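S.K.: Just a sequence and a predicted model for now, questions to come.
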Amino acid sequence: MADKKIIRKSSLGELFKKIRSDGKRILAPVDRGGKILFEYVDSPGSIAPDYIQTTLSAKDTLLPRCEEMLRFRTEQKSVYLEESLNRPEPTLIFGVRPCDARSIAVLNAVYLINYTDDIYRQKIDTTTIVGVSCAKCDEYCFCTSVGGSPGDTAGSDMLLTQMDNDIYLAEILTDKGKAIAALAPELFAEGGDVDKNKHCADVPVRFDVKDLSKRLPGVFEDPVWIAQSLRCIGCGTCSYVCPACTCFDIQDETDGNRGVRLRCWDSCGFAQFTLHTSGHNPREVQSQRWRQRIMHKFSYQPDQLDVIGCVGCGRCSRTCPVDMNILQHITDILEVH
């Protein structure tokens, strides 16, 4: 059960000083020309004051867009590996929305279950998440349809909910959250029995995700995928902004004697994602690739990893250059008989 405390918004500056003195970098949402992006900050004064959702998630703190896995060198006919597990700096991510915090469970399911990815594990072990509940939403938000809520605590080490102009309810959820509060206990007062829900956005449930998961296998060959994908240009923007996408490509760059192995984000929406060396592509048209994206998130991952591969943040619909709306597509799929 969460330990509920009260902290004043005006006290965050002092808390930030304590966090930085403890050796942690602070990453928070910053307004860059209308785009809300996670950047490193020194004080809460740099944080964007009013936003529904960040333009990009903070996923690349844990899973960078491109990261070095190892280095290697060749001598005659021998290859020597040099692991390059650069120790990540302790980082606190402030202002993560509850939907994004839930995405950590998806990343963990892929990178820590069955096989432990040490590069990812080191990042998650040294990262603290301070979430902030959503006070408002827009037509693209659907966290409540996939098991979340605007005040969901899952994935956060500490969750802040703004109660009035200068008061936050702080729910301290994990040992990492307790460690942050312990840096400045004088800033936290007892929270008591406070109802935070009336201060959170009202996000209506748009569809039954369990019903969707059950129906998807039965519409695998349905023409609905063709109709939905006709305007998809395969740009991968939906994957790029998604906090729960986990696909990657591995590439080696070498000068012949020395080289580096890189892991970079990839997308099932790209035409070359499943292209074989032979030239055969089992998903040769965009409708098959769009189907894979929906099936993977709402059918394959729940079946195989017991986690839904979508957190309802709505970024894919907000940023799609051809206005593909995942909520509308899910509604269309559910109407297929």
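M.R.: Structure's in. What do you need? Residues are numbered from 1 along each chain as shown.
S.K.: Check for me that residue 130 belongs to a strand.
M.R.: Yes. If the criterion is DSSP: H, G, I helix; E, B strand; the rest coil, then residue 130 is within a strand.
S.K.: helices or strands up against the one helix or strand residue 6 maps to?
M.R.: In this structure, residue 6 sits in strand 3-8 according to DSSP states H and E. Here strand 3-8 touches strand 167-172, strand 188-190, going by 3 or more Cβ pairs under 8 Å, 6 or more residues apart in numbering; DSSP states H and E. Bear in mind the C-beta positions are built from the backbone N, C-alpha and C, glycine included.
S.K.: Same list, those, but as a markdown table with mean neighbour count, distance to residue 75 and mean pLDDT please.
M.R.: Formatted as a markdown table, the helices and strands packed on strand 3-8 follow (neighbours: other Cβ atoms under 10 Å; distance: least, Cβ to Cβ, whole Å; pLDDT from 0 to 100):
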| stretch | mean neighbour count | distance to residue 75 | mean pLDDT |
| --- | --- | --- | --- |
| strand 167-172 | 23 | 53 | 96 |
| strand 188-190 | 14 | 58 | 94 |
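S.K.: Residue 263 is nearest to which of the ones you listed?
M.R.: Ranking those by proximity to residue 263 (Cβ to Cβ) places strand 167-172 first, at 33.8 Å.
S.K.: Which one of the helices and strands packed on strand 3-8 lies nearest to residue 289?
M.R.: Closest among the helices and strands packed on strand 3-8, once you apply Cβ to Cβ, is strand 167-172, at 40.0 Å.
S.K.: Give me the sheet partners of that closest one and which way each runs.
M.R.: strand 3-8 (antiparallel), strand 158-164 (antiparallel) (DSSP bridges).
S.K.: looking at those strands, which is buried most?
M.R.: Across the strands paired with strand 167-172, the average number of neighbours (mean count of other Cβ atoms under 10 Å) peaks for strand 158-164, which reaches a mean of 20.
S.K.: Please list the residues outside that one that contact it.
M.R.: Strand 158-164 is contacted by residues 2, 6-7, 9, 98, 101, 128-133, 135, 151, 153, 168-174, 176-177, 180-181, 194, 196, 199-200 when judged by Cβ atoms under 8 Å, 6 or more residues apart in numbering.
S.K.: How about stretch 322-337?
M.R.: By Cβ under 8 Å, 6+ apart, stretch 322-337 touches 140, 142, 206-208, 211-212, 215-216, 219, 222, 224, 227-228, 231-233, 238, 294, 298, 310, 314, 316-317.
S.K.: can you map out the strands along the stretch 51-200 of the chain?
M.R.: Assigned by DSSP state E, counting those that start in this stretch, the strands in the stretch 51-200 of the chain fall at 66-75, 78-83, 91-96, 127-132, 158-164, 167-172, 188-190.
S.K.: can you put the ones you listed in CSV and add distance to residue 32?
M.R.: Converted to CSV, these look like this (distance: least, Cβ to Cβ, whole Å):
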stretch, distance to residue 32
strand 66-75, 21
strand 78-83, 35
strand 91-96, 14
strand 127-132, 19
strand 158-164, 23
strand 167-172, 25
strand 188-190, 32
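S.K.: Just confirm residue 246 is within a helix.
M.R.: No. Looking at residue 246 with three-state DSSP, it is coil, so not inside a helix.
S.K.: what about it, distance to residue 107?
M.R.: 6 Å (Cβ to Cβ, to the nearest Å).
S.K.: Overlap of the contact sets of the two?
M.R.: Common neighbours of residue 246 and residue 107 (criterion: Cβ under 8 Å, 6+ apart): residue 63.
S.K.: Next, count neighbours for residue 191.
M.R.: As a burial measure, residue 191 scores 20 neighbours (other Cβ atoms under 10 Å).
S.K.: Also residue 67?
M.R.: Count around residue 67 with other Cβ under 10 Å applied: 18.
S.K.: Enumerate every residue touching it.
M.R.: 119, 262-264.
S.K.: so residue 252 touches residue 263, yeah?
M.R.: No. Judged on Cβ atoms under 8 Å, residue 252 makes no contact with residue 263 at a distance of 11.0 Å.
S.K.: ok, those two, which is more surrounded?
M.R.: Counting neighbours by other Cβ under 10 Å for residue 252 and for residue 263 shows that residue 263 has the greater number, 20 against 11.
S.K.: per-residue confidence at residue 85?
M.R.: Reported pLDDT at residue 85 in the predicted model: 63.
S.K.: Could you number the chain from 17 rather than 1 from now on?
M.R.: Sure, I'll start counting at 17 from here, so that last one is residue 101.
S.K.: so how far is the helix or strand residue 226 falls within off the chain centroid?
M.R.: Using DSSP H and E, residue 226 falls within helix 225-231. With Cα atoms, centre = their mean, to the nearest Å as the basis, helix 225-231 stands 22 Å off its chain's centre.
S.K.: Check stretch 173-189 too.
M.R.: Worked out by Cα atoms, centre = their mean, stretch 173-189 lies 21 Å from the chain centre.
S.K.: Sounds good, over and out.
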